[in-house]
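1. Predicted structure and sequence below. I'll ask about it afterward.
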Amino acid sequence: MFEAHEFARHVAEACGAIGLQAVVLAPTRVRVSDGSSCQVEVIKLEADASDAARLYWCWSWGQRIAPADGADRVAELVSRVVVPAGNPANVPYSKR
């Protein structure tokens, strides 16, 4: 099983792979942006309330994004929030 900081590193790498900028702020926090707008989201790793062994990435408002080991899915979903809507196909700038 990965440690929290390893999940954070994997999410940051997955975000970078699709052209987002991601910075690990803490073992359970990653700040993600498209690097050219003011859209920023800080996602956090949280334990399931009924099973502390199950971890999920969550939005800043607390809603779940995906399981901790779903780095690629997390990156895809976060890109929909931090990439401006006027961007063709909502694709990060460096991947157009």
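-> Nice, I can see it. Residues are numbered from 1 along each chain as shown.

2. Residue 54 - how many residues pack around it?
-> Residue 54 has 12 neighbouring residues, counting by other Cβ atoms under 10 Å. C-beta: built from backbone N, CA, C; applies to glycine.

3. if I read this right, it contacts residue 48, doesn't it?
-> Yes - with contact defined as Cβ atoms under 8 Å, residue 54 and residue 48 form a contacting pair (4.0 Å).

4. most residues in a single helix of this structure, which one?
-> helix 4-17 (DSSP state H).

5. Please name every helix or strand in contact with whichever helix or strand comes after that helix.
-> Moving toward the C-terminus from helix 4-17, the next helix or strand (DSSP states H and E) is strand 21-26. Judged by 3 or more Cβ pairs under 8 Å, 6 or more residues apart in numbering; DSSP states H and E, strand 21-26 is in contact with helix 4-17, strand 29-33.

6. deepest of the ones you listed, which one?
-> strand 29-33 (a mean of 21; mean count of other Cβ atoms under 10 Å).

7. Pull that one out as CSV, backbone CA atoms only.
-> C-alpha atoms of strand 29-33 as CSV (Å, rounded to 0.1, in the frame of the first residue of the first chain):
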residue,chain,number,x,y,z
ARG,A,29,-2.8,18.1,-0.6
VAL,A,30,-2.1,19.0,-4.2
ARG,A,31,-2.6,22.4,-5.9
VAL,A,32,-3.5,22.1,-9.6
SER,A,33,-3.8,24.8,-12.2
